[in-house]
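Student: model the structure of this input:
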Amino acid sequence: MNIVSISGSPSQRSRSGWLLELAQARLETAAHERHRVQVRELPAHALVAADARHPEVAASVARVAEADVLIVSTPIYKAAYSGLLKLWLDLLPQDALRGKTVLPLATGGSIAHLLAVDYALKPVLSALGARNILDGVYATDAQLPSLPAGGYAPDDALLERLDRALQPLLSTHERMRVAEPARC
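Tutor: So this is what the prediction gives:
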């Protein structure tokens, strides 16, 4: 599987970015290729001007075209995904996610924004052609408390939800691995 992860957080140290890294780590054995797009590292002027031809933006869009699986991670602000992620998603071609499996991940301050995954993020992913959208994972700040040395400590319930969301990808990988003919 070629897995491309999209981080829509404007912050360098973020819970949503950390959750994305955790998902990637749990899929390590299933990925033959992994790439990560940090939207905050793309040129702001190109994103705001909707310049899809800018070389860095075009390269990020090309990564999506090559992907089998897309993991999209964002903080939730005011009951919606980040504006930074929106700027980048607007640069994708209309059917950019057709034929891809997509896993939405989101973090927020409280459970009050839980439905933003279903009512804000999943619809835009669907509008971009995604038909195989896995169960989203939403984590609150309390489920990902920060550690004094950096990083975060996920609670058991969050890890269980993440593993359940990733299971279809791991099952597909296992079926493909078993079906491969033995090489001599």
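
Student: for V4, list each beta-bridge partner.
Tutor: Applying DSSP bridges to V4 gives these bridge partners: H35, L70.

Student: what separation do you get for it and L103?
Tutor: Distance, V4 to L103, using CB to CB, to the nearest Å: 11 Å. Glycine gets a C-beta too; all of them are placed from N, C-alpha and C.

Student: give the contact list for D51.
Tutor: Shown in contact with D51 (CB atoms under 8 Å, 6 or more residues apart in numbering): H45, V57.

Student: surely P75 meets A116?
Tutor: No - judged on CB atoms under 8 Å, P75 makes no contact with A116 at a distance of 10.0 Å.

Student: nearest spatial neighbour of the residue sitting nearest the centre point of the chain, skipping sequence neighbours?
Tutor: Nearest to the geometric centre of the chain sits V72, at 1.9 Å (CA atoms, centre = their mean). Nearest non-adjacent residue to V72, counting by CB to CB, 6 or more residues apart in numbering: I6, 4.8 Å away.

Student: S126 too?
Tutor: I133 (6.7 Å).

Student: can you list residues touching both of V4 and L103?
Tutor: V69, L70, I71.

Student: of those, closest to P10?
Tutor: Closest approach between the shared contacts of V4 and L103 and P10, by CB to CB: I71, at 18.0 Å.

Student: any idea how far L121 is from the nearest residue to D141 once chain neighbours are set aside?
Tutor: Spatial nearest neighbour of D141, excluding adjacent residues (CB to CB, 6+ apart): G109 at 5.4 Å. According to CB to CB, G109 and L121 sit 16 Å apart.
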